[in-house]
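S.K.: Sequence plus predicted model, see below.
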Amino acid sequence: MTNYVDEVLASLKEKNAFEPEFLQAADEVLSSIKPVVERHPEYKKIALLERVTEPERIVSFRVPWVNDKGEVVVNRGYRVQFNSLLGPYKGGLRFHPSVNQSIMKFLAFEQIFKNALTGLPIGGGKGGSDFDPKGKSDEEVMRFCQSFMTELQRHIGQDCDVPAGDIGVGAREIGFLFGQYKRIKNNYEAGVLTGKGLDYGGSLARKEATGYGLIYFMREMLAANGKNLKGKTVIISGSGNVAIYACEKVTEYGAKVVAMSDSNGVIYDAEGIKLDTIKRLKEVERKRIKEYVNAHPQAKYIETVDKAESPIYEIKADIVLPCATQNEINLNSAKKLVANGVEAVGEGANMPSTKEAVEYFLEKGVLFGPAKAANAGGVATSALEMCQNSMRYFWTFEEVNEKLDGIMTNIFKACKDAAEEYGLGTNYVAGANIAAFRKIADAMKSQGII
Ligand code: NDP
């Protein structure tokens, strides 16, 4: 019956030949659930794997808008509604020039399993555009968001599909998107988007949730293996939402973050990164990370020449938290990290390690927290935001944070238990895939051929 997985993978490769990121994500999940599929020969009869790898719906649309020079610009928008077995489609919107259908599908596919792991009632989706907010004025970003939502609003709703932020979509973009949705629908449907501002339906601790959640997961993974964060040296790629709050929380646990990055380069500060400076540069001034050295001359700036191999992974560290983008750790970078004595890797970004890099870490006994488990705190807290919106009520920061901590602790336990049940030791990559897949498979069996 193992052949069933290989057959489906072969057919996916044929049908989606031009979608490498999607194929990578599907391969990673399907390869590691082989032992589950072997125990359930009935899956093949109901084409369970063929159905779980085919999106329920993909919407692709034109987004025309006018820039500050009065020129008309046309971008492409997407929403991939992959799977609604467990609840409304849920997943962020990414605005980045690299966005294409393959990246949208990989992210939406991952999201199905991640959302299942949270234990909350949310399905999997993802969307975005090849629009680049970098260097655009607030007015340009607003006009783009309004045009994007003018089409997207036909496809979403608080009980149907609930987008949130991702790369390039933060509080500013969510505000513009929400305003336009409300204007078109003439309805105050607070739960249609998450990551909203606190004064109009956002949840306390949502901004911090992905980064904090990553560190709660790391704390549990290290503890289960007799280790902890105190006194550890950490490198964090990226300097966006996930990276900033991972840095904040890991520092609270007594670790020292010595390097962060953006797409242009890396800063190394042996004394420990001063997060206030990063927050000012990135959250307020929207500047490049190299400006960090102006405020802290003891730090070094290293420019990234080869985007496929960030110099951040040449720095020695006990803990590595990739929090920027997909495939940023290749096999070569993984080898350098292992040679430098890395103990644990926690994926804050989605699929930041290539398949070869993950295999190498596991082979070398590096503890590895896979994205769909380790960064699930963001979407979990988005689901808590939806819950508060439905109640028309707010929880305090401490209440949300405590729930988030509990969810991340449970996610780690689910990964660990599944890995142990299948005799996979500390392979939490397979553990996460198996724990999530079983939930999806059970729901698919219950809901019939849809
Ligand atoms: P942000 O836009 O806030 O930050 C992204 C960071 O990554 C920036 O520092 C950016 O640098 C850097 N980056 C982006 N693309 C590249 C690239 N091609 N090469 C090098 N660096 C790059 O995004 P988030 O922090 O929200 O998201 C980061 C990752 O975490 C993504 O993979 C996202 O899918 C994932 N994630 C986010 C969640 C959330 O709640 N926000 C939830 C779960 C996962 P620059 O400014 O130079 O582009």
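M.R.: On my side now, so go ahead.

S.K.: residues of whatever helix or strand residue 81 lives in that come out buried?
M.R.: Per DSSP states H and E: residue 81 is located in strand 72-83. Judged by neighbour count using 16 or more other CB atoms under 10 Å, the buried positions of strand 72-83 are 73, 75, 77-83. Heads up, the C-betas are built off the backbone N, CA and C, glycines and all.

S.K.: Is the ligand within reach of it?
M.R.: No: under the criterion of CB under 6 Å from any ligand atom, the ligand is not reached by strand 72-83; the shortest gap measures 13.6 Å.

S.K.: got a list of what residue 434 touches?
M.R.: By CB atoms under 8 Å, 6 or more residues apart in numbering, the contact list for residue 434 reads 32-33, 35-36, 418-419, 421-422.

S.K.: Of the residues you listed, just the buried ones, ChimeraX syntax please.
M.R.: Isolation of the buried members of these (16+ other CB under 10 Å) is achieved in ChimeraX through the command below:
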select :32,33,36,418,419,422
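
S.K.: Next, format the contacts of residue 434 as TSV and append distance to the ligand, secondary structure and pLDDT.
M.R.: What follows is those, written out as TSV (distance: CB to the nearest ligand atom, whole Å; DSSP: H, G, I helix; E, B strand; the rest coil; pLDDT from 0 to 100):
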residue	distance to the ligand	secondary structure	pLDDT
32	20	helix	95
33	22	coil	97
35	27	helix	95
36	25	helix	97
418	21	helix	98
419	22	helix	98
421	27	helix	97
422	26	coil	96
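
S.K.: Up against the ligand, what does the stretch 201-350 of the chain have?
M.R.: When proximity is defined as CB under 6 Å from any ligand atom, the stretch 201-350 of the chain approaches the ligand at 210, 238-243, 262-264, 307, 323-325, 348-350.

S.K.: if you set the cut-off to 8 Å instead, what comes out?
M.R.: Contact residues (CB under 8 Å from any ligand atom) of the stretch 201-350 of the chain with the ligand: 206, 209-210, 237-244, 261-264, 282, 288-289, 304, 307, 310, 323-326, 328, 348-350.

S.K.: Equivalent analysis for the stretch 51-200 of the chain, please.
M.R.: Residues of the stretch 51-200 of the chain lying near the ligand (CB under 8 Å from any ligand atom): 92, 94, 96, 98, 107, 114, 134, 164-170, 195.

S.K.: And the spatially most central residue of the chain, what's its pLDDT?
M.R.: Note on the chain: the residue nearest the mean C-alpha position is residue 350, at 4.2 Å, using CA atoms, centre = their mean. For residue 350, the pLDDT comes out at 95.

S.K.: thought it was touching residue 376?
M.R.: No: the criterion here is CB atoms under 8 Å, and residue 350 misses it with residue 376 at 10.7 Å.

S.K.: Show me which residues of stretch 408-424 are buried.
M.R.: Applying 16+ other CB under 10 Å to stretch 408-424 flags 408, 411-412, 414-416, 418-419, 422, 424 as buried.

S.K.: just stretch 184-204 next, same as before
M.R.: 189-196, 201-204.

S.K.: Show the pLDDT at the residue of the stretch 201-350 of the chain found nearest the ligand.
M.R.: Of the residues in the stretch 201-350 of the chain, the one nearest the ligand is residue 240, at a distance of 1.8 Å by CB to the nearest ligand atom. Listed pLDDT for residue 240 reads 96.

S.K.: Now for residue 70, how many residues are close by?
M.R.: Using other CB atoms under 10 Å, the number of residues around residue 70 comes to 6.

S.K.: Can you tell me the SS state at it?
M.R.: Secondary structure, DSSP: H, G, I helix; E, B strand; the rest coil: residue 70 is coil.

S.K.: The closest residue to residue 282 other than its chain neighbours and residue 260, how far apart?
M.R.: In this structure, residue 282 finds its nearest non-sequential neighbour in residue 239, 5.2 Å apart by CB to CB, 6 or more residues apart in numbering. From residue 239 over to residue 260 the distance is 5 Å, taken as CB to CB, to the nearest Å.

S.K.: Tell me which stretches of the protein form strands.
M.R.: Ranges of strands in the chain, per DSSP state E, are 57-66, 72-83, 89-95, 123-129, 161-164, 233-237, 256-261, 265-268, 300-303, 319-322, 344-346, 367-369.

S.K.: How much space separates residue 274 from residue 283?
M.R.: The spacing between residue 274 and residue 283, counted by CB to CB, is 14 Å.

S.K.: thinking again about what came up before, just the contacts of residue 434 now: which is nearest residue 123?
M.R.: Nearest to residue 123 out of the contacts of residue 434 is residue 33 (CB to CB; 18.8 Å).

S.K.: Tell me, how many residues neighbour the nearest residue to the closest one once chain neighbours are set aside?
M.R.: Leaving aside its chain neighbours, residue 33 sits nearest to residue 437 (4.7 Å; criterion: CB to CB, 6+ apart). Number of residues near residue 437 (other CB under 10 Å) recorded here: 23.
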